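Novice: predicted model and sequence follow; I will ask about them next.
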Amino acid sequence: MRLPLILAALFCLTSVRAEIGNGTGLQISAAGDILGSFGKGSKDKLIPREGEVLVFAPIDQFFDGLINLAAHDEAGKVFFEVHEMTIGSTKLIPRSRFRIGQLFLGIGRLNQFHRHDWPFTSAPKVQSDFLHEEGVNDTGIEYGYLFPTPFYLDLTVGVANGWIFGHAHSEGFKPKGPTHYARLATFNTLFWDGGMQTGLNYLGRTDSAGTKVTLLGVDHTAKWKENTILTFLLQSEVWYRIKTPSGGASEKTLGFYVYPQYGISPSWSVGMRIDGYSVLSLEDASKSHIGNYDYGFVPTVTYKASEFSTIRASMNFKGHLSQGVESSPERVFEIQSVFILGSHPAHDF
């Protein structure tokens, strides 16, 4: 039943294309993400991981609207859903912006981008475990304010329903405390015409069972360009989670990734992502700490013929250490193809 719905939605949105150029500012774009993964811990096949259709435009002189529909493969099933549907404005309140509706929460770095816009193929463990391998989206309201300081300082705060956390396909259950979050970001210029953005992040929620989750994080992105060509990228995130069940002991976990990428030509780039993850509070029956560490090394080669097409190959080396003993290492080769049709909106940085 999903395929006819998807085709019908694509037909309707394609028909909207005829209205573009009539002075309304209506824009439409589509993105395709095809993924092949092969090796231990993979599906050993090629799949259409995700397809998205995005429509965005000014609603009137005050408000802007956005609708993002997506079909994606998850555990061998194809789900068709609304990723984002928001109304917002940057014109009503000085130095402010807001959006209301279903949205990806404005925290961290990866969580603010769709997967086809990431500089690598798959999510690091800290992203998939703390947030979600696609990102956390929810329905709520988000407000941003640019401080009138001599340097760039931007605050984002939001409150969302919190019935689910992550990227689920069920309604979930009414939480005891809604999802609330904040991000304070700054930007600095660097030597050799580089730029650096740093964000401090907070998220909190209490689910229906009374389990309280607090996330604290720092995201950091530095870029160097020659004209419009990205010559070097350094992107990283560090997250610390405190998870406390009702009446139980807290679990404290730390995770991070670091991804440097070097452009060897206008079309080719190479990168190496390093992942780390550890449960800091893990103990045995005698209350002695159990040393544990999940690691990952992901060398990546990317070919971009243009801003609208990307082919990426990577080898994902993953493993787990417990008390210094390695178990269940995985080696997964990933090949990804991403293409964009139409006017894809630009990101801030």
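Specialist: In hand now; what should we look at?

Novice: would you map the helices across the stretch 1-150 of the chain?
Specialist: For the stretch 1-150 of the chain, the helices defined by DSSP state H, counting those that start in this stretch occupy 2-16, 125-130.

Novice: of those, which shows the lowest average pLDDT?
Specialist: Ranked by mean pLDDT, the helices of the stretch 1-150 of the chain bottom out at helix 2-16, with a mean of 46.

Novice: which residues of the stretch 1-150 of the chain score low on pLDDT?
Specialist: For the stretch 1-150 of the chain, applying pLDDT under 70 flags the ranges 1-23, 75-76.

Novice: rerun at 80
Specialist: Residues of the stretch 1-150 of the chain meeting the criterion pLDDT under 80: 1-24, 41, 73-77.

Novice: do the stretch 151-300 of the chain as well
Specialist: Low-confidence segments of the stretch 151-300 of the chain (pLDDT under 80): 166-171, 228.

Novice: surely Lys212 touches Gly247?
Specialist: No: judged on CB atoms under 8 Å, Lys212 makes no contact with Gly247 at a distance of 11.2 Å. From N, CA and C alone the C-beta is placed, and that goes for glycine too.

Novice: and the two? which has more neighbours close in?
Specialist: Legend: neighbour count by other CB atoms under 10 Å for Lys212 and Gly247, higher for Lys212 (16 against 6).

Novice: that one pairs with what?
Specialist: Thr206, Thr244 (DSSP bridges).

Novice: if I look at it, how far off is Arg241?
Specialist: For Lys212, the distance to Arg241 equals 11 Å [CB to CB, to the nearest Å].

Novice: Arg273: neighbour count?
Specialist: Applying other CB under 10 Å, we find 23 other residues in the vicinity of Arg273.

Novice: show me what contacts it?
Specialist: 120, 124, 257-259, 296-298, 300 (CB atoms under 8 Å, 6 or more residues apart in numbering).

Novice: repeat for Lys223
Specialist: Lys223 makes contact with 194-196, 230, 232-234, 349, according to CB under 8 Å, 6+ apart.

Novice: ranges for the strands of the stretch 151-300 of the chain?
Specialist: 152-160, 177-190, 194-206, 212-226, 229-244, 251-263, 268-279, 292-306 (DSSP state E, counting those that start in this stretch).

Novice: quick one, the fifth one and strand 251-263 angle?
Specialist: This means strand 229-244. 180 degrees (axes from the mean of the first three to the mean of the last three CA atoms, to 10 degrees).

Novice: show me what strand 229-244 is packed against.
Specialist: helix 125-130, strand 212-226, strand 251-263 (3 or more CB pairs under 8 Å, 6 or more residues apart in numbering; DSSP states H and E).

Novice: from Ala185, how far out is Ala30?
Specialist: Taking CB to CB, one finds Ala30 at 30 Å from Ala185.

Novice: ok so, going back, got a markdown table for the helices and strands packed on strand 229-244, with distance to Leu190 too?
Specialist: Output for the helices and strands packed on strand 229-244, formatted as a markdown table (distance: least, CB to CB, whole Å):
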| stretch | distance to Leu190 |
| --- | --- |
| helix 125-130 | 25 |
| strand 212-226 | 6 |
| strand 251-263 | 14 |
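
Novice: among the ones you listed, which is nearest Leu69?
Specialist: helix 125-130 (23.2 Å; CB to CB).

Novice: and the contacts of that closest one?
Specialist: 108, 110-111, 133, 135, 215, 237, 239, 241, 253, 255-257, 275-277, 294, 296, 318.

Novice: again, only using 10 Å
Specialist: 108-111, 118, 122-124, 133-136, 166, 203, 213, 215, 217, 237-241, 243, 253-257, 275-277, 294-296, 318, 320 (CB atoms under 10 Å, 6 or more residues apart in numbering).

Novice: just the CA atoms of that helix, as CSV, please.
Specialist: Written as CSV, here are the backbone C-alpha positions of helix 125-130 (Å, rounded to 0.1, in the frame of the first residue of the first chain):
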residue,chain,number,x,y,z
LYS,A,125,27.7,5.3,17.6
VAL,A,126,27.3,8.4,19.8
GLN,A,127,24.8,9.8,17.3
SER,A,128,22.8,6.6,16.8
ASP,A,129,22.7,5.8,20.5
PHE,A,130,22.2,9.2,22.1
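
Novice: for that helix, the distance to its chain's centre please.
Specialist: Computed by CA atoms, centre = their mean, to the nearest Å, the chain-centroid distance of helix 125-130 equals 11 Å.

Novice: next one: stretch 68-83
Specialist: Centroid separation between stretch 68-83 and its chain, computed with CA atoms, centre = their mean, is 16 Å.

Novice: mind exporting the C-alpha coordinates of that stretch to CSV?
Specialist: In CSV, the C-alpha atoms belonging to stretch 68-83 read as follows (Å, rounded to 0.1, in the frame of the first residue of the first chain):
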residue,chain,number,x,y,z
ASN,A,68,9.5,17.5,3.8
LEU,A,69,8.1,14.0,2.9
ALA,A,70,10.4,11.0,3.1
ALA,A,71,10.4,7.3,2.2
HIS,A,72,13.2,5.3,3.8
ASP,A,73,14.3,1.8,4.4
GLU,A,74,14.4,0.6,8.0
ALA,A,75,15.0,-3.0,9.0
GLY,A,76,13.9,-4.2,5.6
LYS,A,77,10.7,-2.2,5.6
VAL,A,78,9.9,1.0,3.7
PHE,A,79,8.2,3.8,5.7
PHE,A,80,6.6,6.8,4.1
GLU,A,81,6.3,9.7,6.5
VAL,A,82,6.4,13.5,7.1
HIS,A,83,9.9,14.3,8.2
